[in-house]
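1. Dropping a prediction and its sequence here:
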2 protein chains.
Amino acid sequence: MITVPCSLKKMIATRTRPDTSGARRRANRGAVRNNLRVIPLGGLEEVGRNMTVFEYGKDIVIVDMGLQFPEEDMPGIDYIIPNSDYLRGKEKNIRGVIITHGHYDHIGAIPHLIPKLGNPPVFATELTRGIIMKRQEEYKNPITIKTVKKIDRLKLGIFDIEFFHVNHTIPDGVGVSIGTPVGTVIATGDFKFDHSPIGDAPADIAKIARIGSEGVLALLSDSTDSQTPGYSISESTIKKNLDEVLEHTSGRIIVATFSSLISRIQQLIQLSEKYGRKVAIDGYSMKTNVEIARTLGYLEVRKNTLIPINEVNDHPDSKVTIICTGAQGEDKAVLMRIVNNEHRFVKIHKNDTIVFSSSVVPGNERTVQGLKDGLYRRGARVIHNDMLDVHAGGHARQEDLKMMINLLRPKYLIPVHGHYYMRRLHGELAEQVGMSLENVFIGSNGQVIEFDYRGNGKLMDEKAPSSYVMVDGLGVGDIGQVVLRDRQVLAKDGMFTIVTIIDSKTKRVIGEPQVTSRGFIYVKENFDLVNATKKKVKDVVHNATSKDEKVNWAYVKDNIRDTVGQFLYSKTQRRPMVLPVVIEV
Amino acid sequence: MITVPCSLKKMIATRTRPDTSGARRRANRGAVRNNLRVIPLGGLEEVGRNMTVFEYGKDIVIVDMGLQFPEEDMPGIDYIIPNSDYLRGKEKNIRGVIITHGHYDHIGAIPHLIPKLGNPPVFATELTRGIIMKRQEEYKNPITIKTVKKIDRLKLGIFDIEFFHVNHTIPDGVGVSIGTPVGTVIATGDFKFDHSPIGDAPADIAKIARIGSEGVLALLSDSTDSQTPGYSISESTIKKNLDEVLEHTSGRIIVATFSSLISRIQQLIQLSEKYGRKVAIDGYSMKTNVEIARTLGYLEVRKNTLIPINEVNDHPDSKVTIICTGAQGEDKAVLMRIVNNEHRFVKIHKNDTIVFSSSVVPGNERTVQGLKDGLYRRGARVIHNDMLDVHAGGHARQEDLKMMINLLRPKYLIPVHGHYYMRRLHGELAEQVGMSLENVFIGSNGQVIEFDYRGNGKLMDEKAPSSYVMVDGLGVGDIGQVVLRDRQVLAKDGMFTIVTIIDSKTKRVIGEPQVTSRGFIYVKENFDLVNATKKKVKDVVHNATSKDEKVNWAYVKDNIRDTVGQFLYSKTQRRPMVLPVVIEV
């Protein structure tokens, strides 16, 4: 499937504006006048579940297939994946799925969607492929991923695909240039420009400039950090600061960071080697990622630097660095276990220094605060990003975003990867570098954008399905709003089940109604309330059955639900979910 | 009860260090040599539920009686109040309860604890009293609050009480000086220094200095903002920035802020008057606070400035300011209703400017982000604190904290109001101004601090009960860990009740087991799973009853729970709470 430059000459044909190029190319081919349709199925109203469909006639390519972590009002949900209903019946048109880098918000839906879409070929760079394949081991379906190099060009159906290297917090990230009959469209993936990255090459600005010089119809660019002014911080700056920390620390150093932040792990390994420290990596996902990166040559480690976590106590504290997961205060991650004194091998020592080499993901502030509190309480020293730059984000800041626009000079900008306000701010940046806001498309998930043969783009009213597809355990998409709402109610005030057995002949209640309650009150300490409730239930049944009519049990159940609900509320001002069960025997 | 200077002369007797003063005073009185016991019942491991007991022999005064908002792992809990078990049996010793200001983290437990403690007298300044009394209307118990002026001195049992004015985000805040036989102890309450506050006087630095010059044994000082360098921002700076916003805004202005932030509301009213805008206040708690503050003369408003919210559309947008609640994205607060288009009178207009004149309380970041997103989406302009200083916090920053220590020159510092790490940082500041860390007590909630007649202090091992007392509806303290854990389990995977009726003679299952499930799967779409589960249950019962032994129904129920739980997990990888009910008829 990998074909090298089929049309290089044509692609570098001189053109100043892209709007006519599509028409020209299309005319050259004499094809039917289709519109290019760009459909972001996710990533426009969240940071996560990125997936964009590019469709021209009978040809489709997809860029990225990510997951999103659940919102706070989705208890029990593992994660959310993009809705792929739009592709139903079009599976045979999918020429390929291109993955820009190995983060879960770009790869996480692969195990669910690739088999569902008829196993189209997936293209990824080497490290990205390694991470996808490792995760795939948890699933039964085999999938095929073709390794691409950054210099490769692909012909996927009618599309001419080219890659360019970008920086991010994981190596081997690429942006994608998609040559189409109506013009070239670019998807940056997650990116920043780093002129001195660690364990990675700088973003390929020359290539981006070349692609820009050939004319770009539309740019889909990363909006995640569009609200931060200035340029992103280089990993070298972070390394300098971490170097100072290591230089002036005599005790043990424990660094918590994101498990896929290979470049940061690389820095910490280099610095530990410089100061004669052994390095232990802990946390399943981090160990896995380090293993993949080492195997593929994306992480350089001297022999004897790494030690297993169970050997950290065999070395003096001054000679040990621990790199671990849990910087977000995740429940079962390593740092939380250390703080809670539940880690088998690592207990906090008085002169330990804990470095949070990470940002706090919105929503985790309180947990992280608790984590820091626990560390201080155990006498440790804590260093985090507010005190010293020990973390750089992976996303372009305002000046980087302007630079990307200036390099590519697209006719249209489609801000992606972020909430509405992030994308709108991105649009304002485009305006600052001379684009018209009319040429910035800030739509919503599923909303179709069309480009015609003249290279004119339009945000359509048409919307592809984009509702949440929730993954919970083995279930994909089977949890709907009803179940979620029930979980919220149950969480708030618990439940109260009351089982009543009725003699089918006499219509009398047999024995006492049985109450089972959880999360509402402690039943054993509230006998009076429970007994009063049982009496209410018997009264309801008695009233319903004392008349000489046929008993409507559905009505009786509703009546029990209302009566008990109101009674419990009047006594407690709580509203547990009341579940009456009435059984005739 | 209010007595004016009984011992002023003695109190201003020249002494350079406080450590001998207590001894001298005690000797003068010839009293029994008791120790002063200081017991913070809350506020040391959280920002909230502040309450400190000062006990000398048979005399007790209490400073503040606040509530704490629930943590994320406490679904359904309204709030938490301090544990008052330590005071059980000592009710008659309580000479008074002093409230420093009208915020809920200092007054919120009053309706629950004052009646429980035998209705001791409560002392508060005028505005604070007004807010407490207003809230008390929701409760049946009448309580008595005596208004104190900042110049008053009280004699409460053996204690000599004096107040000093401090700044905070609500007017009428005071710090408390407690003269005791072993020396003077100071509780700052929440404070900052503001030399140009709005609608309030500057903190009474002269008085604080005078108190300091008389010798201070121990200082309990506000640690909430101890991690922020520099001085706190004056409300005048905020006013200047808000002035610029109003000056350059032609459309409507909607300001969301904390409902008790009377000084900010005062500024916005003054500025609106300057620019000829009408002001509508919306949100129940804010309207209540504004009403109290106006009635008591703490808020100056020209006639005709305020309009009811249902009249905002009668005036041109350029002449309207709306001040409302909901800056934290609270579910039912005004701003959320506006964004969701559920507000009866206020719909977002294209040229509205929304100002978040507030900080984001940790844990609310994600919700506030969603709120901003909704506002941008409706075309509004959003201004928040990251863009321009439109909010100043109410708590002393590092330089203010140092200044307070320098003014009072206490022998001991007890950092209060904050998590452990905030208090530890506060201690480090004390060290910077010359205190020894040995004289800084960073204990935990309930941990007793004793000062002997020589003025020597010690953090004791003794701990007063300080466990959470949770308020949920009408229940106070009846929700324990079991109920909370059940709520968490229910939230995550829902519940699955299975009712089985057994014929008491034949021991056979009558009919089919009945399943009621919520928050787990959508039962109507999962008949096969439900039927398979019913069969499992019948098998369990059959196996248990087919032997010729007496049936142990408790065992059968446990068996059903385990079997069904495992079966459902194997099919779904979810763990709903399984509740078997077995009834013999």
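-> Done, it's in. Residues are numbered from 1 along each chain as shown, chains lettered A, B, ... in the order given.

2. Which elements pack onto the helix or strand hosting residue A:555?
-> Using DSSP states H and E, residue A:555 sits within helix A:553-572. Here helix A:553-572 touches strand A:495-502, helix A:527-545, strand A:577-584, going by 3 or more CB pairs under 8 Å, 6 or more residues apart in numbering or on different chains; DSSP states H and E. All C-beta atoms are positioned from the backbone trio N, CA, C, and that covers glycine.

3. Can I get it as CSV, trimmed to CA atoms?
-> Output in CSV follows, covering the C-alpha atoms of helix A:553-572 (Å, rounded to 0.1, in the frame of the first residue of the first chain):
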residue,chain,number,x,y,z
TRP,A,553,-51.2,-4.1,40.4
ALA,A,554,-49.3,-1.6,38.3
TYR,A,555,-51.3,1.2,39.9
VAL,A,556,-50.7,-0.3,43.4
LYS,A,557,-46.9,-0.3,42.7
ASP,A,558,-47.0,3.3,41.6
ASN,A,559,-48.9,4.2,44.6
ILE,A,560,-46.5,2.4,46.9
ARG,A,561,-43.6,4.2,45.2
ASP,A,562,-45.2,7.7,45.6
THR,A,563,-46.4,7.1,49.2
VAL,A,564,-43.1,5.7,50.4
GLY,A,565,-41.1,8.3,48.6
GLN,A,566,-43.1,11.1,50.1
PHE,A,567,-43.1,9.6,53.5
LEU,A,568,-39.3,9.0,53.5
TYR,A,569,-38.7,12.6,52.3
SER,A,570,-40.9,14.1,55.0
LYS,A,571,-38.9,12.2,57.6
THR,A,572,-35.4,12.6,56.2
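
4. quick one: it to helix A:527-545, angle?
-> With axes from the mean of the first three to the mean of the last three CA atoms, to 10 degrees as the basis, helix A:553-572 and helix A:527-545 are set at 150 degrees to each other.

5. ok and helix A:553-572 relative to strand A:577-584, angle-wise?
-> Using the same axes, to 10 degrees, helix A:553-572 lies at 140 degrees relative to strand A:577-584.

6. Need the helices and strands packed on helix A:553-572 in TSV (columns: distance to chain B).
-> Listed next are the helices and strands packed on helix A:553-572 as TSV, based on distance: least, CB to the nearest CB, whole Å:
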stretch	distance to chain B
strand A:495-502	5
helix A:527-545	11
strand A:577-584	5
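
7. JSON lines please, covering the ones you listed and showing mean neighbour count and mean pLDDT.
-> JSON lines is the format used below for the helices and strands packed on helix A:553-572 (neighbours: other CB atoms under 10 Å in any protein chain shown; pLDDT from 0 to 100):
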{"stretch": "strand A:495-502", "mean neighbour count": "23", "mean pLDDT": "94"}
{"stretch": "helix A:527-545", "mean neighbour count": "16", "mean pLDDT": "92"}
{"stretch": "strand A:577-584", "mean neighbour count": "21", "mean pLDDT": "93"}
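
8. if we can go back for a sec, which positions within the helix holding residue A:555 qualify as buried?
-> Residues of helix A:553-572 classed as buried by neighbour count (16 or more other CB atoms under 10 Å in any protein chain shown): A:556-557, A:559-561, A:563-565, A:567-569, A:571-572.

9. where exactly do the strands run in the stretch 101-250 of chain A?
-> Counting by DSSP state E, counting those that start in this stretch, the stretch 101-250 of chain A has strands at residues A:122-124, A:145-147, A:153-156, A:159-165, A:174-180, A:183-187, A:216-222.

10. Alongside chain B, which residues does the stretch 401-550 of chain A contribute?
-> With the criterion set to CB under 8 Å from any CB of the partner chain, the stretch 401-550 of chain A comes near chain B through A:419-421, A:424, A:472-475, A:478-480, A:482-484, A:486-495, A:497, A:499, A:501, A:510-511, A:514, A:516, A:518-522, A:525-526.

11. Residue A:470 and residue A:483 touch, don't they?
-> No. The criterion here is CB atoms under 8 Å, and residue A:470 misses it with residue A:483 at 9.1 Å.

12. what would the strands of the stretch 101-250 of chain A look like in a markdown table with mean pLDDT and distance to residue B:66?
-> Output for those, formatted as a markdown table (pLDDT from 0 to 100; distance: least, CB to CB, whole Å):
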| stretch | mean pLDDT | distance to residue B:66 |
| --- | --- | --- |
| strand A:122-124 | 98 | 55 |
| strand A:145-147 | 96 | 57 |
| strand A:153-156 | 97 | 63 |
| strand A:159-165 | 98 | 56 |
| strand A:174-180 | 98 | 53 |
| strand A:183-187 | 98 | 52 |
| strand A:216-222 | 98 | 44 |
